[in-house]
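1. Next one to model:
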Amino acid sequence: MKIFKIITISFLISATGHTQDNIKVLAFSQVEPGIYHHLSNLNGIALIERLGKKRGWDVDVTHDSGTFNDARLAQYDVVAFINTTGNILNKTQQFAFERYIQNGGGYLGTHSAADTEHDWEWYGKMLGGYFKSHPDVNQLASVNLENNKHPANILMSETVDILEEWYNYSANVRKKSGFTVLMTVDESTYTGGEMGDDHPITWAHEYNGGRAFYTGFGHFFQKDHPFLANIIAGGIEWAAGK
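-> Residues are numbered from 1 along each chain as shown. The predicted structure is shown next:
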């Protein structure tokens, strides 16, 4: 099944051929037992591993929250929450991750990273808005890009049609101080949107000493698609401060 359709796109994707040395990434994908597990998680991990090989990153993969301790996290420039879901970190692990960000670490979250740790206030502030709901069916919809100077958007066209599971969020991050909205989804092009004329789907901000980048894309994670690869590559390099 073809899950992405590009409407107007004319770029040489920066996710191929460009290198960023010395970025160390921890790709973390854990789901609370007994709740929905995205089958695309492995594709998301594979995408980051492929990008790492092309761009000169060091990538480690874990599905174990026990990795969240000061010594281990300090090894990485970015921790990527790849479709994590539910309550997955205990208090000790949460505090270790807070210290990691406060010491200049980077966070990248995809899709259901917004459906993670709803009761952890610090994480919620870093994320910007939690998952609230989504339409019953996945739909093709138009995405508008903003701020084409950001690494996640650079050299990409302004409008893209994408098949996705479109999340509604608990808050519009554009109304919060310090957030930069990078992409919005046009609710007039699909049914079930609940955020109105301004529906952010990808954003970034500096937070508590570090950097945080989130994108709602990832329900499918077609690993070879250049649009998604560009978002993830640019998001990781921005979160790493490169």
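2. what's downstream of the helix or strand bottoming out on mean pLDDT in the chain, the next helix or strand?
-> The helix or strand with the lowest mean pLDDT-type score in the chain, counting by mean pLDDT, DSSP states H and E, is strand 4-5 (a mean of 38). Once the chain leaves strand 4-5, the next helix or strand it forms, by DSSP states H and E, is strand 24-28.
3. Report all helices and strands that that next one contacts.
-> Strand 24-28 sits against helix 41-55, strand 58-62, strand 78-82, with contacts defined as 3 or more CB pairs under 8 Å, 6 or more residues apart in numbering; DSSP states H and E. In short, each C-beta sits where N, CA and C put it, glycine included.
4. Single out the most deeply packed of the ones you listed.
-> Most buried of the helices and strands packed on strand 24-28, by mean neighbour count (mean count of other CB atoms under 10 Å): strand 78-82, with a mean of 26.
5. just for the protein, where's the confidence low?
-> 1-21, 36-39, 155, 222-224 (pLDDT under 70).
6. what's the following helix or strand after the helix or strand hosting residue 97?
-> Per DSSP H and E, residue 97 falls inside helix 91-102. Next along the chain after helix 91-102, taking DSSP H and E as the criterion, comes strand 106-110.
7. Pull the residues that contact that next one.
-> 44, 77-84, 101, 116, 126-127, 207, 210-215, 217-218, 221, 232, 235-236, 238-241 (CB atoms under 8 Å, 6 or more residues apart in numbering).
8. Filter those residues down to the buried ones, ChimeraX style.
-> Selection of the buried residues among those in ChimeraX, burial being defined by 16 or more other CB atoms under 10 Å:
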select :44,77,78,79,80,81,82,83,84,101,116,126,127,207,210,211,212,213,214,215,217,218,221,232,235,236,238,239,240
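9. what's the burial count for residue 162?
-> Counted with other CB atoms under 10 Å, residues neighbouring residue 162 total 23.
10. Quick one: distance of whatever helix or strand it lives in to the chain centre.
-> Under the criterion of DSSP H and E, residue 162 resides in strand 159-164. In this view, strand 159-164 has its centroid 16 Å away from the chain centroid, taken as CA atoms, centre = their mean, to the nearest Å.
11. for stretch 87-95, same thing?
-> Mean C-alpha position of stretch 87-95 versus that of the full chain (CA atoms, centre = their mean) differs by 20 Å.
12. same deal with stretch 45-54?
-> On CA atoms, centre = their mean, the centre of stretch 45-54 falls 15 Å from that of its chain.
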